[in-house]
Each structure stands twice: as C-alpha cells, then as structure tokens.
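Trainee: no FASTA, just this:
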C-alpha cells in the first residue's frame, strides 16, 4: 500500500471525509490518489523510525520484480495503472472533458501512450449520472460554437443538449477510451481506473465556476475539438462503454466477472464477489486491487512469500508481479459478508 493523498477541489464531496476519517473542518475532498506512484509516497520503518520516500523510487529500483517482464518491456520504469477516487457526493459535476488520442499525445506532447480510463461507481446518490459520449444527431459545429460562446462569458453551455447522460447506481462500470467526451456528475463516489501518463485533460466546459484559488480553471477547446470522436454517440456508447460485464468463472463461494476496459485500452479489470477464499495469480504482471464491498479482507501467500496483511473497505493495494500466487478472503468485520474486489492489470 502507498500513502494516499487527499485534496479538495471545486466539485469535491463529503463521502471520503466520513469513510476515510479525514479532517471534518475541510470544505470538501475531491481527489484521493491511492495508487499513483508518481504522486504517492511509501513509509519505511527502521526500528522506531519511519522514513517517507517517493513511491516512484521503488518503481525505479525494482521495476522488473514489481511490474513483471512483459509490463516492464512495454512501459519501462513507469507504473502504467492508476487507481484514484473522485468524490462528488454532495458536491458538483467534474468539468466536461476529453483526453487526447494516442497519436495526438505522441505528436503534441511526446508521450507514447494516453490517459484511457474508466469510472467504477463505489457509491451513488439516487439521481447520480455520468456524462458519456455524444447524443445521436449531434451538430458538431453548433456544439463547438456554443462552447466558444460560453467560454467568452456568453450563454452557459447546455451540456445535456449535446452530451448523453446515463443514470448510475452502485457498482456500475463505464469505460472511457481516449477521445470520448465525459464527466462524472454530482452525487457519485468514483473509483477511477486509468492509464498513468501525466495528466492531459482537455476541459471543454467547467459549469461557469472558479477554482479553489478563486480563478477560472484552464479550458482547452482548441485541443479538445481535435480529439473528440464525433461518432461515439448514444447507441455506440451503450453497446461499447456502459456495464460490459461478463461472468468468466465461479467456484465455491466466489464469482469472477470481466468488467475490462474497452479493447482500445490496455488495462483489464476483473471483479470478484466472494464469501470464501479466492485464489489469484499475478501471471508475471503487477496487480492493483481495491476492496469495493465488504468491511475487511486478508491477503495471504500460500507459500508464505509475504506476511498476511489486512485490507479495509475502499483501500487500494498493489501486488508485485514477483509474488505469483496469493489469496484473498473475508476477515474480521468482513466475516459472513459478501465482499467484492476490483482488480486491474495490463493485458498480455
């Protein structure tokens, strides 16, 4: 586990404050970076002394043991999977945004992969929605003209006129390959599973509000209009991006489901529901896991390769490729509950 980093934001909510025992006097918490080695730290204990170091140091020092040879061969000493939280419970909408296509991020910014992502709904209010993809028959020129006018201080942009909205409930999973216009609406607690390159988010509309510093946040309509995929309209989005969940395996006391990201994305996600022990294997690649339901589980090595460790609801942990076999089972306050984990890894 890395040390999570919490930060407020103009759309931030109140869910993490309660569940994660954060400072109740803070106005809100918008983000939690809970598996972003470029942003997080590690605590190392030597006797009674605790030293905090950047977690990226571990990636640099032991990339092959951590990532596995296939992932290291593809990404070098970068950690390619990112898990973070976006809290809009009693908060506001995120900015309406789009991420650059791979060829665009290569050409303009010199990066070799882009921020494909997904939203997994940890918790939702009754009227929670996500903005995802465009409506059928969208008028590209009219939409861009209205975005430009709104940015110049004219009529506020009517997002619902152009962008499709989808009602969200707990444990829904929506996929957001680069080039797809999107935005998590208010009333959601989102586990964002994404690729990790430094963030290039092209904001198109920020609902006319100011940032936490009292200044407008940057809007990138010029970049955005060059990467929006205008053919990703309602029916394509419904078929390709919303709750593509298939059962792939089951055993006594457990079910495994594929909720994997779109075929244009390199991250596979698997969800396990379980009341008994589940066997996992890294198969030579790093795993990132979040406990998405249940109070508490314990992670163990059948070969005693590591000390057992306990994971609580909403905590995220990394299983290095070198671990190989490991198991997860309900534990402590989680005994007798149906527990759920969401696991991310790089597809072979």
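Mentor: Nice, thanks for sending it over. These numbers come from a predicted model, not from an experiment.
Trainee: and stretch 9-23, which residues are buried?
Mentor: Applying a neighbour-count criterion of 16 or more other CB atoms under 10 Å, one finds 9, 10, 11, 12, 13, 14, 15, 16, 17, 19, 20, 22 buried in stretch 9-23. Every residue, glycine included, has its C-beta placed from N, CA and C.
Trainee: Need the max-distance pair from the residues you listed.
Mentor: 10 and 19 (21.1 Å; CB to CB).
Trainee: Centroid-nearest residue for the protein?
Mentor: By CA atoms, centre = their mean, the chain has its centre lying nearest to residue 192, at 1.5 Å.
Trainee: That one belongs to a strand?
Mentor: Yes: Residue 192: assigned to a strand according to DSSP: H, G, I helix; E, B strand; the rest coil.
Trainee: Return the residues in contact with it.
Mentor: Counting by CB atoms under 8 Å, 6 or more residues apart in numbering, residue 192 touches 82, 83, 84, 85, 86, 117, 118, 119, 120.
Trainee: How about residue 36?
Mentor: Applying CB under 8 Å, 6+ apart to residue 36 gives the contacts 2, 5, 82, 83, 84, 196.
Trainee: where in this protein is pLDDT low?
Mentor: Residue ranges of the chain with pLDDT under 70: 102, 104-106, 109-115, 196-199.
Trainee: Could you rerun that using 50?
Mentor: Counting by pLDDT under 50, the chain contains no low-confidence residues.
Trainee: Let's have the buried residues of stretch 9-23 in CSV, adding distance to residue 100.
Mentor: Shown next, in CSV, are the buried residues of stretch 9-23 (distance: CB to CB, whole Å):
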residue, distance to residue 100
9, 22
10, 23
11, 22
12, 25
13, 27
14, 32
15, 30
16, 29
17, 33
19, 33
20, 31
22, 33
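Trainee: Pick out whichever of these sits closest to residue 255.
Mentor: Distance to residue 255 across these (CB to CB) is lowest for residue 19, with 25.2 Å.
Trainee: surely that closest one meets residue 315?
Mentor: No: the pair residue 19 / residue 315 is not scored as a contact, 10.4 Å apart, by CB atoms under 8 Å.
Trainee: just to revisit the earlier point, ok, so of the buried residues of stretch 9-23, who is nearest residue 320?
Mentor: residue 20 (24.8 Å).
Trainee: in the longest helix seen in the chain, what counts as buried?
Mentor: In the chain, taking DSSP state H as the definition, the longest helix is helix 140-151. Neighbour-count burial for helix 140-151, counted by 16+ other CB under 10 Å, picks out 143, 144, 146, 147, 150, 151.
Trainee: How is the closest residue to the second one other than its chain neighbours classified with respect to secondary structure?
Mentor: Put plainly, it is residue 144. In this structure, residue 144 finds its nearest non-sequential neighbour in residue 225, 5.5 Å apart by CB to CB, 6 or more residues apart in numbering. For residue 225, the assignment made with three-state DSSP gives helix.
Trainee: So what's the residue count around residue 225?
Mentor: Residues near residue 225, counting by other CB atoms under 10 Å, number 17.
Trainee: Also residue 271?
Mentor: Neighbours of residue 271 using other CB under 10 Å come to 22.
Trainee: wait, is it part of a strand?
Mentor: Yes: note on residue 271: a strand contains this position according to three-state DSSP.
Trainee: what is it paired to in the beta sheet?
Mentor: Assessed by DSSP bridges, residue 271 has beta-bridge partners residue 257, residue 342.
Trainee: Pretty sure it sits against residue 259.
Mentor: Yes: with contact defined as CB under 8 Å, residue 271 and residue 259 form a contacting pair (5.3 Å).
Trainee: which residues in the stretch 101-250 of the chain form strands?
Mentor: Assigned by DSSP state E, counting those that start in this stretch, the stretch 101-250 of the chain shows strands spanning 117-124, 129-134, 163-167, 173-176, 182-184, 188-195, 202-205, 246-251.
Trainee: out of the ones you listed, nearest to residue 67?
Mentor: strand 188-195 (13.8 Å).
Trainee: just the angle between that closest one and strand 129-134, please?
Mentor: If you take axes from the mean of the first three to the mean of the last three CA atoms, to 10 degrees, strand 188-195 sits at 40 degrees to strand 129-134.
Trainee: hang on, the earlier thing: ok, now how distant is the residue nearest to the centre of the chain from residue 259?
Mentor: 14 Å (CB to CB, to the nearest Å).
Trainee: Overlap in contacts, those two.
Mentor: By CB under 8 Å, 6+ apart, residue 192 and residue 259 have these common neighbours: residue 120.
Trainee: what's the burial count for the closest residue to residue 122 other than its chain neighbours?
Mentor: Nearest residue to residue 122, sequence neighbours excluded (CB to CB, 6+ apart): residue 189, at 4.4 Å. The tally of other residues near residue 189 (other CB under 10 Å) stands at 25.
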